[in-house]
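K.L.:
got a structure for you, letters missing:
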C-alpha cells in the first residue's frame, strides 16, 4: 500500500513538473503553451499563486508568440491571469483571443476601460469582479452569455450595453455596482429588454435588475411583472418607495437589501413568497405589513432594519425564520398570531426597544436558539389566559418574568394611517381588533367581524 501511494506521489510530482515546464515568460507575460495544438494561454506568473503579477501596469496581448522557434497562437486569457493586479491600467487584446477565463481581471482596481474584441465568444464568471475603476463596458456581439458575478463590485461602472447576441445572463452580474445608472439592451435581443435602463426578461414578467445608481427616489414596477429577481434592487440607496403591483407573486432573495433610504413598502396579497434577506439592512424602513398570502417568513428578511417600529404578521404565517428581526432596535411591540408554531434562531435578537410582546398561540410556539437574546425579560408577555402557566414552564418563554393574559393588554387605542383609511387598533375581551374609518371591524388576520 505504501509503495502504491509513493508511486502516485511521484506521478503527481511529474505532472506538476510538466505543468511548470509548459509555463514560459515572453515579453513580460507568462503563457501556458500547448505543443499539440500550438496554442498559448496567457496565465499568471505562478500556478499556485494566481495573484502574483501585481507589478504589471500595461498588458499587450499579441495574436501569437514564438518560443524555441515554434509559433503559438494566443487563444485565451486564463483563469486569474491578471487577478489582483491593482496597478494594471491598460490592456490590449488581440483578435486571436476567443476566451477570457474566470476571474481573469478580478480586483484590477486601476483598470478604467477595456475593449473586448469581437473574436471573444466566451467570458467566464467574475471576470471583472472588483474592478472598482471600470466606468463603462460594451459587450461585443460575439458573446452569447454573461457569467456569474461578472461585474460584481464594479463601483464606478455607470452603464453597460448588452447586444442582441446575449441570450443568457448568469447570477448577480451587477451586484454591488452602486454607480450603475443604465443597463441598455439591444432592441433585437430575443431574451432581454430594458425600460428606461431597467433590465427585464423579454416579456417583462421578470424584473432582473434595477440599476443601483439611478437617481430616482420612487419607482413603480410594471403590472406585467410576476417575479422580482434576487438582488433586483440591492443597494438602491436613492429609492424611498417602491410600488409593487398585484401581478407580483415572488420577491427574490436580497431583492431590496441595503436600500437604506426605503421607508415603506406595500406588499400585495398576490405575493406568496418573499426570499431570504429580502429587506436586509433597510435601515430607513419604518413600517411594513406582511400579506396574508405568506405562510413562512424566511430567514433574515428584516435583519438590521433598525428604524422598523411596527410590523403586521398575518394569521397565515406558521413559521418565523432565523434572525428575521435581528437587531430591529426600533421595534416597540410585536404581535405573534395564533397560527405561528415555530420561531427560528435569534429571531428577535437585540430587539432592545421592545416594551411588550403578545403571542396569541394557545400552544407556545417552538423556539430555536436564543430567540429573544438581548430582549428585556421584565417587559410584559401577553398570552391566552388558559396558557399562562404553560408559557411559564416552557424553555425561553419562561425567562420572561411578567407573563400575563391577553385580557390585561392596555386598552389604549393606537391610530394607524394606511393608504385608504385611518384605522384604530384596540383590544376587546382579550382579543386584538382593527376598525377602519368606515366603521368596519376586522381581526388582525383580515377577517371582518359582523
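P.N.:
Great, that's in hand. Since we're looking at a predicted model, the values are computed, not measured.

K.L.:
residue 410 belongs to a helix?
P.N.:
No. Applying DSSP: H, G, I helix; E, B strand; the rest coil, one finds residue 410 to be coil, outside a helix.

K.L.:
tell me where this structure has helices.
P.N.:
2-22, 388-393 (DSSP state H).

K.L.:
weakest of the ones you listed in terms of mean pLDDT?
P.N.:
Here these differ in mean pLDDT, and the lowest is helix 2-22 at a mean of 42.

K.L.:
centroid-wise, who is the farthest residue in the protein?
P.N.:
Relative to the centre of the chain, the most outlying C-alpha is that of residue 69, 51.5 Å out, by C-alpha atoms, centre = their mean.

K.L.:
contacting residues around it?
P.N.:
By C-beta atoms under 8 Å, 6 or more residues apart in numbering, no residues touch residue 69. (Glycine included, C-beta is placed from N, CA and C.)

K.L.:
now residue 74. Nearest residue, chain neighbours left out?
P.N.:
Using C-beta to C-beta, 6 or more residues apart in numbering and skipping the chain neighbours, the partner closest in space to residue 74 is residue 40 (4.8 Å).

K.L.:
does the one you found touch residue 27 like I think?
P.N.:
No. Counting by C-beta atoms under 8 Å, residue 40 does not reach residue 27; the two are 11.9 Å apart.

K.L.:
out of these two, which sits in the more crowded spot?
P.N.:
More neighbours surround residue 40 than the other of residue 40 and residue 27, with 29 against 8 (other C-beta atoms under 10 Å).

K.L.:
and the more buried one, what are its bridge partners?
P.N.:
residue 33, residue 74 (DSSP bridges).

K.L.:
what's near enough to touch it?
P.N.:
Residue 40 neighbours (C-beta under 8 Å, 6+ apart): 31, 32, 33, 34, 64, 65, 72, 73, 74, 75.

K.L.:
adding pLDDT, write these out as a markdown table.
P.N.:
A markdown table is the format used below for those (pLDDT from 0 to 100):
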| residue | pLDDT |
| --- | --- |
| 31 | 94 |
| 32 | 94 |
| 33 | 95 |
| 34 | 94 |
| 64 | 97 |
| 65 | 96 |
| 72 | 96 |
| 73 | 97 |
| 74 | 97 |
| 75 | 97 |
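
K.L.:
next, give me the two most distant ones among the residues you listed.
P.N.:
Spatially, the most separated pair among these is 32 and 64, at 14.5 Å (C-beta to C-beta).

K.L.:
give me the more crowded residue out of these two.
P.N.:
Using other C-beta under 10 Å as the criterion, residue 32 and residue 64 rank with residue 32 on top: 20 against 14.

K.L.:
for residue 84, see how far away the more buried one is.
P.N.:
Distance, residue 32 to residue 84, using C-beta to C-beta, to the nearest Å: 19 Å.

K.L.:
in stretch 382-401, what's buried?
P.N.:
Of all the residues in stretch 382-401, those buried under the rule 16 or more other C-beta atoms under 10 Å are 382, 383, 384, 387, 388, 390, 391, 394, 396, 397, 400.

K.L.:
who's in contact with the third one?
P.N.:
By C-beta under 8 Å, 6+ apart, the residues touching residue 384 are 338, 360, 361, 362, 405, 406, 430.

K.L.:
mutual contacts of residue 40 and residue 27, please.
P.N.:
Contact criterion C-beta under 8 Å, 6+ apart; residues bridging residue 40 and residue 27 by contacting each: residue 65.

K.L.:
what would the contacts of residue 40 look like in a markdown table with distance to residue 206?
P.N.:
A markdown table is the format used below for the contacts of residue 40 (distance: C-beta to C-beta, whole Å):
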| residue | distance to residue 206 |
| --- | --- |
| 31 | 42 |
| 32 | 40 |
| 33 | 45 |
| 34 | 41 |
| 64 | 44 |
| 65 | 45 |
| 72 | 44 |
| 73 | 41 |
| 74 | 39 |
| 75 | 35 |
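
K.L.:
ok, so of these, who is nearest residue 342?
P.N.:
Taking C-beta to C-beta as the measure, residue 342 lies nearest residue 32 of those, at 53.7 Å.

K.L.:
look up how far residue 24 lies from the closest one.
P.N.:
8 Å.

K.L.:
and residue 194, by the same measure?
P.N.:
Counting by C-beta to C-beta, the gap from residue 194 to residue 24 is 45 Å.

K.L.:
same check on residue 85?
P.N.:
Between residue 85 and residue 24 the distance is 19 Å, computed by C-beta to C-beta.

K.L.:
spatially central residue in this structure, please.
P.N.:
For the chain, the residue sitting closest to the mean C-alpha position, by C-alpha atoms, centre = their mean, is residue 254 at 3.4 Å.

K.L.:
quick one, phi psi at that residue?
P.N.:
Torsion angles at residue 254 (phi, psi; degrees, to the nearest 10) stand at phi 60, psi 20.

K.L.:
so it sits right up against residue 275, yeah?
P.N.:
Yes. Assessed by C-beta under 8 Å, residue 254 is found in contact with residue 275 at 7.2 Å.

K.L.:
shared neighbours of these two, anything?
P.N.:
residue 230.

K.L.:
how far off centre is stretch 267-287?
P.N.:
The chain centroid and the centroid of stretch 267-287 are separated by 12 Å, computed with C-alpha atoms, centre = their mean, to the nearest Å.

K.L.:
report the buried residues of stretch 236-247.
P.N.:
Under the neighbour-count criterion of 16+ other C-beta under 10 Å, stretch 236-247 has 236, 238, 239, 242, 244 buried.

K.L.:
contact partners of it?
P.N.:
For stretch 236-247, the external contacting residues (C-beta under 8 Å, 6+ apart) are 178, 210, 212, 214-226, 228, 233, 251, 256, 258-271, 284.

K.L.:
can we see that at 6 Å?
P.N.:
210, 212, 215, 217-221, 223, 225-226, 259-263, 265, 268, 270 (C-beta atoms under 6 Å, 6 or more residues apart in numbering).

K.L.:
rewinding a little: which one of the contacts of residue 384 is nearest residue 298?
P.N.:
Set against residue 298, the nearest of those by C-beta to C-beta is residue 361 (20.0 Å).
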